[in-house]
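K.L.:
here's a sequence, model it:
(chains A and B)
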2 protein chains.
Amino acid sequence: MERIAIVGLGLIGGSLGLDLSRYGHPVVGIARRAKTAEQALTMGAVTAAGTDLALVAEADVVFICTPIDAVAATAKAIAPHLSPEAVITDVASVKGDIVPAMEALWPNFVGGHPMAGKAEAGLAVAEAGLFAGRPYVLTPTEATNPAALERVRAIAASLQANLCQCHPDQHDRAVAWISHLPVMVSSSLILACQGEADPAILALAQTLASSGFQDTSRVGGGVPELGMLMARHNRVALLESLTQYQQQLEQIKILITAEDWDALHNALTQAQTTRPAYIKPA
Amino acid sequence: MERIAIVGLGLIGGSLGLDLSRYGHPVVGIARRAKTAEQALTMGAVTAAGTDLALVAEADVVFICTPIDAVAATAKAIAPHLSPEAVITDVASVKGDIVPAMEALWPNFVGGHPMAGKAEAGLAVAEAGLFAGRPYVLTPTEATNPAALERVRAIAASLQANLCQCHPDQHDRAVAWISHLPVMVSSSLILACQGEADPAILALAQTLASSGFQDTSRVGGGVPELGMLMARHNRVALLESLTQYQQQLEQIKILITAEDWDALHNALTQAQTTRPAYIKPA
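P.N.:
You can find the predicted model right below:
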C-alpha cells in the first residue's frame, strides 16, 4: 500500500480517489474549499480530507490534480511539507512546459496524463473505474528517478488503464493532433454555423442537425476553460497542427472548386481507410 | 392504402419498404440486380419485386431512392409506364438542382429528404422504424400540386418522422452547414493527422485517440461515394459554408497566435452556449 495524497478534487482527482481508496490505499484529499473536501469524504473518494496543504506530509505519492496552470505553484507550496522520498506526479493534459519546471522543483517527479475526459468537470461527475481501458501516459525524461517512475506506473496499472510512455514533447505533439486540434475544428464548426446571416436558414439548420452534426460538434461544445488551457499550454504544437489542418481543408476545397470528383472520392476513401487506426474496440 | 413503388433498394429504399409494407401498403420494389430484389422480398421490405421499371405501372406513389445522380434519369425511364395521376417523390439529400429538373419531367413531383443516414449503405443495413423521430424534409415549390404534396406528407407522417417543409434552396443551404460541411471538416481532420511526418508521433496519436477524436472524425470516415455526391450536387452552398468555416477557424488561430486567452475563452463559451440549439433530446 502507498499512502496517497490527491491535491485538487475535481473529475480526475475525485475519480482517482474513488479507485485508489477502493483498492485499500489510505487517500488524503486536499481541496481549496472545505465543502469540496467534505463532499469527497462523503462520496468515499478519500479516506481523509481538508484544505490544508500540510496534509500531504505523510504521503508516499502525491497526485497533483489541479488545473494545469496551478500545478507548479501547488508543487512549490507542498514541497516543504513532504519527505524527500515522496514522489510527485501530475495529471495535466500538456507536459512540455510542466515537466522541466516540476523536475527543477522536485527530483522525484513523474509526469502523467490519464486520458479520461468528460463533457462536464468537477467532483460531482467523478466516477470509479474512469481510467479503466483508457490511455494513461507517463512522460519520464533522462532526469526521472527510475524507482519513482516504477511506483507511479504500478499505481496507474492498478487502475486498469492502458499504460503508455513517451517524451513530454512527443506527448504534446500527439495530443495536439487528436485532442486539442479537434476542439478548435469542432468549436469553429458551431461558430461558423451560428454566423449564417439568414435567420430562416439558421433555424432550419438547427432543426435538421442530427447525429452527424452532434458528433462532429461535441468536443467543440465542451468546457471552455479546458479548451483555452489546452491551447495556452500547448500553443506551439497546436498552431502547427492547425496550420497543417488548414492546408488539408484548403486542398479539399480546391478539389470541390475544380469539380475534381475522382480526386475528392480518393481523398474521402483515404480518410475512411485510415480512420480505423485511431479507433479502439468498444 | 396507397399502392407504393420504390425504385432503388438500398438503406433508404429498403427501410421505407419495411415500414410501408408493415403499415399495409402494397409495396413493389425495383432494383438493378435481381438478387437485391429477391433479398428485399425475403426481408419483407416489399410485397413484390423485380428489375423491370415497368413494375411501377400500378403505383399511386413512387419513391425514387436511387443514388442522387440517377434520380432524374430514373424518373425519365419510369414516366412512360405511369398513370398521369401518379405522384413521384425522391429521397435525395440535395434538392436545388433535382427539384426543377423533376418538375419539368413530372408535374406531380414532390421533393423529399428523409434524414436518416448510417455509417454503412445498402439493403443489408435497412431497418424498420429508421425514420421515426428524425427529420423528413419536403421541398414543395410554387409548381407543386397541393394534392400530391398532401399525399406524400401523409405517408411521411405515418413513418413518425418529424416533418419539415422548406424551399429546395433553403434546404440545400441548411444541409450544407449541418451535414455536408461536417463531412469535409471531419475528413480533413483525419487526413491532416495522417500527414504527420514523424512516424513515432503518428503512432502515438493513433494510440492516444479516444472518444473525442472518434466522434469528431466519424462522419469524415463515412462512405466516400456519399460525401463526394453531396459535394458534387451541393457545390455552391458547400463552398460558401466552407469559406465561412475557414474564416472562423482562422479567427481562432489568430487568437491563439496572439495569446488572447480571454477572447479564445469567450469564443469557446459561445460555442458551448449555442450548441444545444442543434441537439435533439435523445
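
K.L.:
can you tell me what sits against the helix or strand where A:Val175 lies?
P.N.:
Taking DSSP states H and E as the definition, A:Val175 sits inside helix A:168-175. With contacts defined as Cβ atoms under 8 Å, 6 or more residues apart in numbering or on different chains, helix A:168-175 is touched by A:93-96, A:98-100, A:111, A:113, A:137, A:139, A:141, A:166, A:234, A:237, A:240-241, B:196, B:198, B:200-201, B:204-205, B:207-208. Backbone N, C-alpha and C define where each C-beta goes, glycine included.

K.L.:
please apply the same query to stretch A:82-90.
P.N.:
With Cβ under 8 Å, 6+ apart, stretch A:82-90 has contacts from A:56-57, A:59-65, A:71, A:75, A:78, A:98, A:102, A:106, A:108-112, A:145, A:148, A:151-152.

K.L.:
swap in 6 Å and give it another go.
P.N.:
A:59, A:61-64, A:71, A:75, A:106, A:108-110, A:112, A:148, A:151-152 (Cβ atoms under 6 Å, 6 or more residues apart in numbering or on different chains).

K.L.:
also stretch A:122-133?
P.N.:
Residues contacting stretch A:122-133 (Cβ under 6 Å, 6+ apart): A:9-11, A:14-15, A:18-19, A:36, A:39, A:114, A:116, A:118, A:159-161.

K.L.:
what of stretch A:107-119?
P.N.:
Counting by Cβ under 6 Å, 6+ apart, A:11, A:87-89, A:91, A:93, A:95, A:99, A:102-103, A:125, A:130-131, A:134-139, A:145, A:148-149, A:152, A:168, A:222, B:210 sit against stretch A:107-119.

K.L.:
and if you look at stretch A:19-27?
P.N.:
With Cβ under 6 Å, 6+ apart, stretch A:19-27 has contacts from A:1-4, A:17, A:46-47, A:128, A:158-159.

K.L.:
need phi/psi at the residue most central in space within chain A.
P.N.:
By Cα atoms, centre = their mean, chain A has its centre lying nearest to A:Ser93, at 3.9 Å. With angles defined as degrees, to the nearest 10, A:Ser93 shows backbone torsions of phi -80, psi 0.

K.L.:
all helices of chain A, in order?
P.N.:
Taking DSSP state H as the test, the helices found in chain A are A:11-22, A:34-43, A:71-78, A:98-105, A:146-158, A:168-175, A:181-194, A:199-208, A:211-217, A:224-233, A:235-257, A:261-274.

K.L.:
where does the stretch 151-282 of chain A dip in pLDDT?
P.N.:
Filtered on pLDDT under 70, the stretch 151-282 of chain A yields the residue ranges A:282.

K.L.:
show me chain A divided up by domain.
P.N.:
According to automatic domain parsing, chain A comprises the domains A:4-166, A:170-278.

K.L.:
ok, back up a step: between the contacts of stretch A:19-27, which is closest to chain B?
P.N.:
A:Leu159 (15.1 Å; Cβ to the nearest Cβ).

K.L.:
ok, that closest one - contacts?
P.N.:
Contact partners of A:Leu159, counting by Cβ under 6 Å, 6+ apart, are A:19, A:131.

K.L.:
distance check, it against A:Ala132.
P.N.:
7 Å (Cβ to Cβ, to the nearest Å).

K.L.:
give me the buried positions along stretch A:70-88.
P.N.:
By 16 or more other Cβ atoms under 10 Å in any protein chain shown, the buried positions in stretch A:70-88 come out as A:70-72, A:74-75, A:78-79, A:81-82, A:86-88.

K.L.:
over to stretch A:117-126?
P.N.:
A:117-118, A:121, A:123, A:126.

K.L.:
now stretch A:12-31
P.N.:
For stretch A:12-31, by 16+ other Cβ under 10 Å, it's A:12-21, A:25-31.

K.L.:
wait, what's in contact with A:Ser93?
P.N.:
A:His113.

K.L.:
again, 10 Å this time
P.N.:
The contact partners of A:Ser93, by Cβ atoms under 10 Å, 6 or more residues apart in numbering or on different chains, come to A:12, A:68, A:113-115, A:117, A:137, A:171-172, A:175, A:179-180, A:226, A:229-230, A:233-234.

K.L.:
pLDDT wise, what is A:Leu41 at?
P.N.:
On pLDDT, A:Leu41 comes in at 97.

K.L.:
then the one 10 residues further on?
P.N.:
What the model reports as pLDDT for A:Thr51 is 97.

K.L.:
now do the one 3 residues further on
P.N.:
According to the per-residue confidence, A:Ala54 scores 97 in pLDDT.

K.L.:
hmm, it is touching A:Ile30, no?
P.N.:
Yes. Using Cβ atoms under 10 Å, A:Ala54 is in contact with A:Ile30, at 9.1 Å.

K.L.:
common neighbours of the two, please.
P.N.:
Common contact partners of A:Ala54 and A:Ile30 (Cβ under 10 Å, 6+ apart): A:Ile78.

K.L.:
got the contact list for A:Gln272?
P.N.:
A:Gln272 neighbours (Cβ under 10 Å, 6+ apart): B:119, B:187, B:190, B:220-224, B:227.

K.L.:
ok, back up a step: would you mind listing which of the contacts of stretch A:19-27 are buried?
P.N.:
Among these, those classed as buried by 16+ other Cβ under 10 Å are A:2-4, A:17, A:46-47, A:128, A:159.

K.L.:
of the contacts of A:Gln272, closest to B:Ala267?
P.N.:
Lowest distance from B:Ala267 to the contacts of A:Gln272 (Cβ to Cβ) belongs to B:Gly220, with 22.7 Å.

K.L.:
so the closest one sits against A:Thr273, correct?
P.N.:
No. Here B:Gly220 does not reach A:Thr273: they are 11.7 Å apart, not a contact under Cβ under 10 Å.

K.L.:
end to end, how far does stretch A:163-170 reach?
P.N.:
15 Å (Cα to Cα, to the nearest Å).

K.L.:
may I see the buried residues of that stretch?
P.N.:
For stretch A:163-170, a neighbour-count test (16+ other Cβ under 10 Å) marks A:164, A:166-170 as buried.

K.L.:
also stretch A:195-206?
P.N.:
Buried-residue list, stretch A:195-206, by 16+ other Cβ under 10 Å: A:196, A:201-202, A:204-206.

K.L.:
the residues you listed: which ones sit near chain B?
P.N.:
A:196, A:201-202, A:204-206 (Cβ under 10 Å from any Cβ of the partner chain).

K.L.:
burial of A:Glu38, as a residue count?
P.N.:
A:Glu38 sits with 13 neighbouring residues when counted by other Cβ atoms under 10 Å in any protein chain shown.

K.L.:
same check, this time on A:Pro146
P.N.:
Neighbours of A:Pro146 (other Cβ under 10 Å): 8.

K.L.:
so it is in contact with A:Pro140, correct?
P.N.:
Yes. The pair formed by A:Pro146 and A:Pro140 meets the contact definition of Cβ under 10 Å, at 8.1 Å.

K.L.:
gap between the two ends of stretch A:65-72?
P.N.:
From its first residue to its last, stretch A:65-72 covers 11 Å (Cα to Cα).

K.L.:
what does stretch A:174-181 give?
P.N.:
10 Å.

K.L.:
and the helices of chain A, which is most packed in?
P.N.:
Among the helices of chain A, the stretch with the highest mean neighbour count (mean count of other Cβ atoms under 10 Å in any protein chain shown) is helix A:181-194, at a mean of 26.

K.L.:
thinking again about what came up before, quick check: the farthest pair among the contacts of stretch A:122-133?
P.N.:
A:Thr36 and A:Gln160 (26.3 Å).

K.L.:
ok, stretch A:255-270 near chain B or not?
P.N.:
Yes. On the criterion Cβ under 10 Å from any Cβ, stretch A:255-270 is in touch with chain B at A:255-257, A:259, A:261-270.
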